[in-house]
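Novice: Here is my input; please provide its structure:
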Amino acid sequence: MNLILPEDYEPTLSVLETEEAIKYIRDTFQKELGRELNLTRVSAPLFVEKKTGLNDNLNGIERPVSFDLQDIPNEQIEVVQSLAKWKRFALKKYGFPVHTGLYTNMNAIRRDELLDNLHSCYVDQWDWEKVISKSERTEETLFETVRTIFKVIKHMEHEVWYKYPDAVCHLADKIVFVDSQELEDMYPNKTPKEREAVITEKYGCVFIYRIGAPLNLSKHPHDGRAPDYDDWQLNGDILFWLPSLKMPLEISSMGIRVDEHSIVSQCEAMHCTGRLALPYHQMIQKKQLPYTIGGGIGQSRLCMLLLNKAHVGEVQASIWPEQMIEDCEKNRIHLL
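Specialist: Modelled structure (predicted):
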């Protein structure tokens, strides 16, 4: 347990007012996001069959929650860790044309998450995915989409300010793009997390891109990425500076997805070529799935940012260690 207890923290909203603000932010943001990116809301699964390869392996070490079903014997069912792969499959299944896409309310359980102010074992996010053409698999497409998402979040700041002027967190006026290799070159003696903190505090909001491949100096990636959904040359994270904790807050991980070539090279790099035989991976290699861009936007994290909260448990009902609950309550951090 790694808990930060900011000095003199005083929540502006009561618990009931916070609940009202959460609903307002969630309802308003998803409508704005859908309109700006041309997305349609769809229903999504809470669990999938392991054999399909549709579950997200995240960094490759997290253990999914699994179980069996009485009416489907001999099959292992897994609670989703994200919907990164399922969304791309759904775009094909539902027949979405180019430049349209979907978003969904994704709920997941991550049993191996290390619990702290920003991390919960319960994940709630808007998962979205959009069909693009092969020629649009470029940095230009990626950056344009990032700017659109930033614009929606920035507009939400003004919406929240109108209803809760004393509670709103004032965000940066623009987003700055930083290559992960450029960031390592700038701060070679710092860890990736330390680099993120320095650059996010400097600019207020950054998009750190090209995440997954080893960097030149450390020979390690800036952060772990599964090899079979993001293209490591066309992905990244959106981070905002969170004043309450004086640290960066990752709001979104997103990217242009692997094509028939990058899925093979990235699986080879991660020594997990066995995955390439799974149905989902075969569909990509055979070009049976559309080319897409997509990502996840944390629902509780967005509420935490816009309301300048000090713990994700202030905007999300989850399970926390007893000691964390006691320490938070003593410091005016009221967990739901």
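Novice: could you pull out the helices for the chain?
Specialist: Remark: helices assigned in the chain by DSSP state H are 15-37, 84-94, 139-163, 180-186, 192-203, 262-269, 279-285, 299-306, 322-330.
Novice: Need the winner for burial among the ones you listed.
Specialist: Stretch with highest mean neighbour count among the helices of the chain: helix 299-306 (a mean of 25; mean count of other C-beta atoms under 10 Å). No exception for glycine: its C-beta is placed from N, CA and C like everyone else's.
Novice: Next, the angle helix 15-37 makes with that one.
Specialist: 110 degrees (axes from the mean of the first three to the mean of the last three C-alpha atoms, to 10 degrees).
Novice: so what does helix 299-306 touch, helix or strand wise?
Specialist: Applying 3 or more C-beta pairs under 8 Å, 6 or more residues apart in numbering; DSSP states H and E, we find helix 299-306 packed against helix 15-37, strand 122-132, helix 139-163, strand 230-242, strand 247-257.
Novice: Which of those sits closest to residue 287?
Specialist: Nearest to residue 287 among the helices and strands packed on helix 299-306 is strand 247-257; the distance by C-beta to C-beta comes to 12.7 Å.
Novice: tell me the contacts of the closest residue to residue 151 other than its chain neighbours?
Specialist: Take residue 151 and drop its neighbours on the chain: the residue closest to it by C-beta to C-beta, 6 or more residues apart in numbering is residue 36, 7.1 Å away. Applying C-beta atoms under 8 Å, 6 or more residues apart in numbering to residue 36 gives the contacts 148, 149, 151, 152.
Novice: where's residue 130 relative to residue 290, distance?
Specialist: To residue 290, residue 130 is 9 Å away according to C-beta to C-beta, to the nearest Å.
Novice: Equivalent analysis for residue 334, please.
Specialist: As judged by C-beta to C-beta, residue 334 and residue 290 stand 45 Å apart.
Novice: okay, residue 167: pLDDT?
Specialist: pLDDT for residue 167: 85.
Novice: so how many other residues sit close to residue 109?
Specialist: Counted by other C-beta atoms under 10 Å, the residues lying close to residue 109 total 18.
Novice: tell me which residues form a beta bridge with it?
Specialist: For residue 109, the beta-bridge partners under DSSP bridges are residue 122.
Novice: wait, what's in contact with the closest residue to residue 17 other than its chain neighbours?
Specialist: Spatially, and ignoring its direct neighbours in sequence, residue 17 is nearest to residue 164 (7.6 Å; C-beta to C-beta, 6+ apart). Listed by C-beta under 8 Å, 6+ apart, the contact set of residue 164 reads 12, 13, 17, 21, 307.
Novice: closest to residue 278 among those?
Specialist: Ranked by distance to residue 278 (C-beta to C-beta), the contacts of residue 164 are led by residue 307 at 40.9 Å.
Novice: quick one: residue 38 and residue 100 touch, right?
Specialist: Yes: using C-beta atoms under 8 Å, residue 38 makes contact with residue 100 at a distance of 5.3 Å.
Novice: So between those two, which is more surrounded?
Specialist: Using other C-beta under 10 Å, the more surrounded residue of residue 38 and residue 100 is residue 100, with 15 against 12.
Novice: So for residue 334 and residue 290, which sits in the more crowded spot?
Specialist: When residue 334 and residue 290 are compared for neighbours, residue 290 comes out ahead with 21 against 16, by other C-beta under 10 Å.
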